[in-house]
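Trainee: Using only what follows, build the 3D model:
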Amino acid sequence: MSETDVNEEEPVVRGENRQPIVSVLGHVDHGKTSVLDLVRSLGSDRQASVMDREAGGITQHIGATEVPAQVLNETCAKLMGGRPFKSPGLLFIDTPGHHSFASLRNRGGALADIAILVVDIMEGLQPQTIESINILKQTKTPFVIAGNKIDRIHGWICEPDRSFIESLQEQRKDVIDLFQDRYWKLVGQVSEHGINLERYDQIKDFRKSFPLVPMSAKEGEGLQDLLTVTVGLAERFLEDRLTDTLGPAEGTILEMKDEVGMGKTIDVILHRGSLNTGDHITVVSADGPFDVRIKGLKKARGMSEMRDAGDRWESVDTIHAAAGVKIIAQGLEKALAGSTIRLASDEARDEAKKETQVSVELDEEGVVIKADTIGGLEALAFELKKIDTPIRRATVGPVNKRDVMTAESANS
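Mentor: Numbering: from 1, shown residues only. Now for the predicted structure:
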């Protein structure tokens, strides 16, 4: 064996295990936000329901919730036989819809390491569920299906904090038969989209089947099963990704917000490296990359949600991946949601320049499209292409005079 061969086989240096980033997706009213509310109700640091505050009960913004390892281990102790997880916790991101999931990307594909797809077990697959499955397959994101609303099965008796396995043993035979009908119907629907679905406790090889976890977010039953399966899959199959934490900081912007007393801020999921107050970061704008100096870093206290922390913010000097963080700096008004922030360097600026290049095919005649994120713009262009609508101009940012004039000239 030559010296070159030895060098080529040198192992990649890995960092400490970071928290898996979990995205929760699902069709409207299938219980996506209720699942997140149930997660947020764990531990002593309780948080009011997001569902109560969302217009019409539908999530309109993106939030992030951290569940520390201690809470995970306590919740799942019975199913895990007292064995602790390796992960330092879980970081849940709540996306307003499947399209925003597609727009939240990092250099390795989707921002999320693993996803939970919430399906109403009584209704089965719906259009948004199918679109979510397609996006998860496209981004190669592993996922767990939460078969929610088992409490709606006639005669099913729920108990808060009970596992699905325990619950099933307590149900009457006729009720179990009704559950089996719904279960097999869902298995059949999902198989039409190339997914082999099995109840998680009956899977022999997790590389060949996707797990279904039956639960009731409303009654608080089956959550420990869902968390155990999600963390277990992430730890078993995503070790390389979860230990890729060394090197310059990288994160994805969820939202840009005006905060009283802080000015313009950005909510970021840091998925690699560390950031300190005083660091310079490269941010992406519609006009190209620019650098800013971090004036402050804020983290949500306990298990409160990032976007909703209110006075529950606490200042920190340093933040390590994976974590949700609010960054305070001057000049953030041009930052693009869904884009990547990087620790400033020549390489970071080159990467940011590539990110501003929109991959949309343009025609001499056609419609003018705009979106607030690059991913959103590409998703819109993709939908228009499906209905054979040509695009004349495609840009990111607020609508300006030039856009209106371009659109008007196309009509004349």
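Trainee: quick one, domains of the chain?
Mentor: Using automatic domain parsing, the domain parsing of the chain gives 21-242, 250-354, 367-411.
Trainee: Low-confidence ranges, the stretch 1-150 of the chain, go.
Mentor: Scanning the stretch 1-150 of the chain with the threshold set as pLDDT under 70 gives 1-12, 43-63, 94-110.
Trainee: how about a cut-off of 80?
Mentor: Applying pLDDT under 80 to the stretch 1-150 of the chain flags the ranges 1-15, 28, 43-64, 94-110.
Trainee: where exactly do the helices run in it?
Mentor: Along the stretch 1-150 of the chain, counting by DSSP state H, counting those that start in this stretch, helices occupy 3-8, 32-40, 50-53, 69-75, 77-80, 98-103, 127-138.
Trainee: The second one packs against which elements?
Mentor: Looking back up the chat, that one is helix 32-40. In terms of contacts (3 or more CB pairs under 8 Å, 6 or more residues apart in numbering; DSSP states H and E), helix 32-40 is packed against strand 21-26, helix 50-53, strand 63-68, strand 89-94, strand 114-120, strand 143-148, helix 223-237. Bear in mind the C-beta positions are built from the backbone N, C-alpha and C, glycine included.
Trainee: Kindly format the C-alpha coordinates of it as CSV.
Mentor: Provided in CSV are the C-alpha atoms of helix 32-40 (Å, rounded to 0.1, in the frame of the first residue of the first chain):
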residue,chain,number,x,y,z
LYS,A,32,-49.0,18.8,13.6
THR,A,33,-49.2,21.7,16.0
SER,A,34,-50.9,19.6,18.7
VAL,A,35,-48.0,17.1,18.5
LEU,A,36,-45.6,20.1,19.1
ASP,A,37,-47.7,21.4,21.9
LEU,A,38,-47.6,18.0,23.6
VAL,A,39,-43.8,18.0,23.2
ARG,A,40,-43.6,21.5,24.7
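Trainee: And the helices in the stretch 201-350 of the chain, which stretches?
Mentor: Taking DSSP H, counting those that start in this stretch as the test, the helices found in the stretch 201-350 of the chain are 223-237, 239-242, 346-356.
Trainee: Strands of the stretch 251-400 of the chain, start to end?
Mentor: Here the stretch 251-400 of the chain has its strands, by DSSP state E, counting those that start in this stretch, at 263-272, 274-276, 280-285, 288-293, 296-300, 313-316, 318-320, 323-328, 340-343, 367-371, 391-396.
Trainee: For Leu380, find the nearest of those.
Mentor: strand 367-371 (5.5 Å; CB to CB).
Trainee: ok, residues contacting that closest one?
Mentor: Contact with strand 367-371 is made by 360, 377, 379-381, 384, 389-399, 403, 406-407, 410, as judged by CB atoms under 8 Å, 6 or more residues apart in numbering.
Trainee: 6 Å instead?
Mentor: Residues outside strand 367-371 that contact it (CB atoms under 6 Å, 6 or more residues apart in numbering): 377, 380, 391-395, 399, 403, 406-407.
Trainee: Tell me the bridge partners for Val283.
Mentor: Beta bridges link Val283 to Phe290, judged by DSSP bridges.
Trainee: That one and Gly273: what is the separation?
Mentor: Using CB to CB, to the nearest Å, Val283 is found at 16 Å from Gly273.
Trainee: higher neighbour count, those two?
Mentor: Ranked by neighbour count (other CB atoms under 10 Å), Val283 and Gly273 place Val283 first, with 26 against 19.
Trainee: The more buried one: what's it in contact with?
Mentor: 290, 292, 335, 341.
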